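**Student:** below are the sequence and a predicted model; questions follow.
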Amino acid sequence: MDSLQHTIKRPVSFAGIGLHSGKVATLSILPGEKNSGIRFVRSDLPQAAPTPAFMDRIIDTRLATTIATEDEALISTTEHLLAALFGMGIDNAVVELDGPEVPIMDGSAGPFVHVLKRVGRRRQNACKWMLKVNQEISFVEGDSYVKILPYDGFKVTCEIEFNHHLIRKQTFSSDLNPQKFAKEIAGARTFGFLDQVEKLRQSGLALGGSLENAVVIDDDGIVNVEGLRFADEFARHKTLDVIGDLALLGFPLLGHVVTRKSGHGHHFSLMKQLAAQPERWDLIAYKGEGESRVLEKVVVSTKEAGDKLLSYLLPPSLALVGQPCFA
């Protein structure tokens with residue numbers, strides 16, 4: 001496991017349509033300074049302040065995760081891009097976007113990962129702090145749940161269930177690293193049901209959706225001529241969404257994430273549960289060979305935990321800046 005932070009070696013750019021807005025946008029990823037995290041900039045709105053990719057900026061979880069700047073400028077459908085950055089071990093980057101929605105590309109994180117692998121990472125002289133879960137943290141709603149169990153690594157187990165003969169119940173599980181993320185998860189595409197498309201569009205959603213950027217399912221099966229990329233592509237894509245949403249914790253996660261029939265709203269609720277229970281996790285930095293250092297907590301009570309964790313995660317007040325990894 002990496003003990004130091006990383007950014008990308010050089011800027012890269014992408015262009016494409018937004019899945020829900022139907023608007024074309026250009027996105028650039030630039031190297032970020034150490035300890036700065038992932039920050040979004042609406043380049044088409046000079047007055048809009050840069051915004052960190054943290055959960056306190058989430059304003060909507062309807063079919064995608066949308067964050068907003070302090071000026072209320074939107075950055076929607078963040079999950080695939082954040083999953084790509086998180087999954088490939090990029091800690092610091094600036095994401096410039098000239099529209100309200102991250103391009104959907106082919107409906108997966110694959111195009112982002114392909115380019116990130118090509119440009120490579122640059123190691124930075126700053127220790128990588130990780131959020132290590134020591135006791136189970138969970139959110140349950142009906143027969144849906146999402147939880148994080150203690151685990152010395154990052155593992156995701158995702159179970160989905162749909163009343164369609166092609167899907168029914170699927171489970172995907174993987175103990176992840178950048179190589180496995182790129183091979184097993186990044187290419188899994190978003191999916192939807194043909195009979196729901198018109199309802200979504202009447203609600204102002206899925207305006208940019210097509211067979212080029214989503215797997216479409218009807219009563220007979222897959223509408224896309226090329227079929228599926230994986231037999232369990234649906235469960236793998238839901239895993240991708242989980243990874244991208246939990247990237248908004250601000251730190252790489254050490255734990256086993258287990259989900260059943262979860263969505264973006266459930267993931268957000270889990271993050272709020274984590275913020276409210278500081279006694280169940282630590283921030284650690286790996287020295288190597290399994291040794292770690294635990295950061296003294298700044299949250300001291302459950303009542304104050306939520307606000308303090310959120311402010312602590314923001315780079316301007318990050319207490320880690322300037323600290324050596326180990327004295």
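**Tutor:** Great, that's in hand. Here the structure is a predicted model, which means the values were calculated and not measured.

**Student:** what helix or strand is residue 273 on?
**Tutor:** Assigned by DSSP states H and E, residue 273 belongs to helix 264-275.

**Student:** actually, residue 246.
**Tutor:** In this structure, residue 246 sits in helix 233-246 according to DSSP H and E.

**Student:** quick one: the following helix or strand past that helix to helix 233-246, angle?
**Tutor:** Using DSSP H and E, the next helix or strand after helix 233-246 towards the C-terminus is strand 253-260. Inter-element angle recorded for strand 253-260 and helix 233-246: 140 degrees (by axes from the mean of the first three to the mean of the last three Cα atoms, to 10 degrees).

**Student:** what does strand 253-260 contact?
**Tutor:** Applying Cβ atoms under 8 Å, 6 or more residues apart in numbering, the set of residues contacting strand 253-260 from outside is 130-133, 143-161, 238, 242, 246, 266, 284. Glycine gets a C-beta too; all of them are placed from N, C-alpha and C.

**Student:** if you set the cut-off to 7 Å instead, what comes out?
**Tutor:** Strand 253-260 is contacted by residues 130-133, 144-159, 242, 246 when judged by Cβ atoms under 7 Å, 6 or more residues apart in numbering.

**Student:** average pLDDT for that strand, rounded please.
**Tutor:** Per-residue pLDDT values across strand 253-260 average out to 97.

**Student:** mind listing the strands that strand pairs with, and their directions?
**Tutor:** On the basis of DSSP bridges, the sheet neighbours of strand 253-260 come out as strand 129-133 (parallel), strand 144-149 (antiparallel), strand 154-162 (parallel).

**Student:** you'd agree residue 244 is up against residue 85?
**Tutor:** No - between residue 244 and residue 85 there is no contact, the gap being 8.8 Å when judged by Cβ atoms under 7 Å.

**Student:** mark which of the contacts of strand 253-260 are buried, thanks.
**Tutor:** A residue is treated as buried here by neighbour count (16 or more other Cβ atoms under 10 Å); on that basis the buried members of the contacts of strand 253-260 are 130-133, 145-148, 151, 154-159, 242, 246.

**Student:** quick one, grab the pLDDT at the most centrally placed residue in the chain.
**Tutor:** With distances taken as Cα atoms, centre = their mean, the residue of the chain nearest its centroid is residue 244 (1.4 Å). In the prediction, the pLDDT value recorded for residue 244 is 98.

**Student:** now do the contacts for it.
**Tutor:** The neighbours of residue 244, taking Cβ under 7 Å, 6+ apart as the test, are 78-80, 82-83.

**Student:** shaky segments in the chain?
**Tutor:** Along the chain, the parts satisfying pLDDT under 70 run over 1, 286-327.

**Student:** show me where it has helices.
**Tutor:** Using DSSP state H, the helices of the chain run over residues 79-87, 110-119, 178-180, 194-202, 233-246, 264-275, 302-313.

**Student:** can you redo these as CSV with distance to residue 104?
**Tutor:** As requested, the helices of the chain are arranged in CSV below (distance: least, Cβ to Cβ, whole Å):
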stretch, distance to residue 104
helix 79-87, 7
helix 110-119, 10
helix 178-180, 22
helix 194-202, 14
helix 233-246, 12
helix 264-275, 15
helix 302-313, 27
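
**Student:** out of those, which comes closest to residue 60?
**Tutor:** Each of those was checked against residue 60 via Cβ to Cβ, and the shortest separation belongs to helix 264-275, namely 8.7 Å.

**Student:** report the angle between the closest one and strand 129-133.
**Tutor:** Between helix 264-275 and strand 129-133, the angle formed by their directions is 90 degrees, by the same axes, to 10 degrees.

**Student:** what residues does helix 264-275 touch?
**Tutor:** Judged by Cβ under 7 Å, 6+ apart, the contacts made with helix 264-275 from elsewhere in the structure are 55, 58, 61, 64-65, 137-139, 141, 144, 146, 241-242, 245-246, 248-249, 281, 305-306, 309-310.
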